[in-house]
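Participant: Kindly return the folded structure for what I paste below:
(one chain, ligands or ions: 2)
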Amino acid sequence: MIRIAIQAKGRLSEDSLSLLREAGIDVDDSKRQFLLRSSSHPAEILFLRDDDIPQAVALGVADIGIVGYNEVLEKGEDVEIIDKLGFGSCRVSLAVPKGEHYAGLEYFNGKRIATSYPNILSKFLKEKNIDAKISVIEGSVEIAPAVGMSDAIFDIVSSGGTLVSNGLKEVEKVVFSQAVLIKGKNVSKDKLSALEQIKFRLNAVRDSKGLKYLLMNIPNSQIEEAIKIVPAMRSPTILPLAQEGWSSLHSVVKENVLWEKIEQLKQVGAEGILVLSVEKMVL
Ligand code: ATP
Ligand code: ZN
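Facilitator: Ligands and ions are numbered 1, 2, ... in the order given. All right, here's what the predicted structure looks like:
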């Protein structure tokens with residue numbers, strides 16, 4: 001039985017649960033217990049604070065875990081990152097009061113910086129030869145400068161809205177983070193194939209995000225032009241239509257380029273274009 005640690009309550013919980021669910025690992029989380037057996041797969045889900053997930057995986061309390069890369073880096077536990085999961089994107093940045101003149105990292109010499117990420121920050125400052133003081137704050141780091149606890153902060157930023165509303169500006173992006181799948185170094189051999197299976201499924205779900213399946217009718221003479229527009233994974237599928245001289249072309253495109261591809265396809269003579277969602281993609 002594989003045990004998977006995820007965040008109990010917070011920014012990564014829902015996406016972690018739905019990723020597992022889409023990968024066929026269902027749990028009834030309405031029960032709100034800290035350990036739940038999946039009803040659909042031989043796996044257990046362990047619900048923890050995100051801070052504790054790297055250690056739980058390093059100790060073998062859980063075999064794998066889903067947690068922010070920022071936490072993995074901060075905790076420095078002996079775990080292996082086996083996949084990036086494509087959600088929970090953020091960065092860990094240095095920010096200063098917006099009225100300050102900022103010309104470069106030397107700004108921080110002699111300054112006090114509040115953070116919940118002291119390990120990442122001290123390593124970064126050391127590498128850059130900056131001599132600053134670090135105040136460790138667990139709660140709302142972004143208010144520290146306003147209340148006089150620090151001159152600057154080192155904290156998580158996603159949209160930047162929180163910084164702006166606290167009169168701060170982001171001046172250095174130090175770490176780019178997203179949710180990652182981690183594994184302990186000493187997972188027993190008999191669990192490895194079960195782990196591979198889970199990893200494979202999570203990949204398939206992740207890779208299908210933002211993909212659309214396209215079907216269209218196209219005159220045979222235009223097939224080559226259309227293939228250049230939507231090349232698909234290997235090559236598109238072409239099926240003959242009952243009407244002489246026409247084919248049906250099937251392909252997969254990324255959602256962010258969908259509309260421009262449709263315009264281009266219309267220009268080369270595609271008709272009756274159907275767009276479908278892709279639920280899973282196995283590469
Ligand atoms: P816990 O109670 O589990 O300790 P937390 O308060 O430490 O929760 P959350 O705020 O739920 O953590 O954030 C969890 C993770 O979500 C972060 O470590 C980070 O990887 C990611 N994340 C993405 N965007 C943001 C954001 N705007 N603010 C904070 N975290 C974010
Ligand atoms: Zn936390």
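
Participant: Met149 touches Lys133, doesn't it?
Facilitator: No: with contacts counted by CB atoms under 8 Å, Met149 stays clear of Lys133, the gap being 11.3 Å. In short, each C-beta sits where N, CA and C put it, glycine included.

Participant: Find the residues that touch each one of these two.
Facilitator: Arg112 (CB atoms under 8 Å, 6 or more residues apart in numbering).

Participant: how close does Leu121 sit to Glu224?
Facilitator: Leu121 sits 55 Å away from Glu224, going by CB to CB, to the nearest Å.

Participant: which of the two has more neighbours?
Facilitator: Shown here are Leu121 and Glu224; by other CB atoms under 10 Å, Leu121 has more neighbours (26 against 9).

Participant: Work out for me the element that one sits within.
Facilitator: Using DSSP states H and E, the element containing Leu121 is helix 118-127.

Participant: and the helix or strand just after that helix, is it in reach of ligand 1?
Facilitator: Using DSSP H and E, the next helix or strand after helix 118-127 towards the C-terminus is strand 133-136. No: Strand 133-136 stays clear of ligand 1 (CB under 6 Å from any ligand atom), getting no nearer than 13.7 Å.

Participant: burial of the residue of the stretch 51-200 of the chain found nearest ligand 1, as a residue count?
Facilitator: Proximity of the stretch 51-200 of the chain to ligand 1 (CB to the nearest ligand atom) peaks at Gly68, 2.2 Å away. By other CB under 10 Å, the residues close to Gly68 number 25.

Participant: Enumerate every residue touching it.
Facilitator: The neighbourhood of Gly68, defined by CB under 8 Å, 6+ apart, consists of Leu12, Asp50, Gly88, Cys90, Ser177, Gln178, Ala179, Val180.

Participant: Was I right to think the fifth one contacts Arg91?
Facilitator: Just to be clear, that refers to Ser177. Yes: with contacts counted by CB under 8 Å, Ser177 reaches Arg91, the gap being 6.5 Å.

Participant: Need the residues touching each of those two.
Facilitator: In terms of CB under 8 Å, 6+ apart, Ser177 and Arg91 are both contacted by the residues Ile156.

Participant: Need the per-residue pLDDT for the residue of the chain positioned farthest from its centre.
Facilitator: Ranking residues of the chain by C-alpha distance from their mean position (CA atoms, centre = their mean) puts Glu244 at the top, at 47.0 Å. We have a pLDDT of 95 for Glu244.

Participant: tell me which element it falls in.
Facilitator: Using DSSP H and E, no helix or strand contains Glu244.

Participant: Just give me the neighbour total for the closest residue to Asp26 other than its chain neighbours.
Facilitator: When the adjacent residues along the chain are set aside, Asp26 lies closest to Ser40, with 4.2 Å between them (CB to CB, 6 or more residues apart in numbering). Ser40 has 12 neighbours, counted by other CB under 10 Å.
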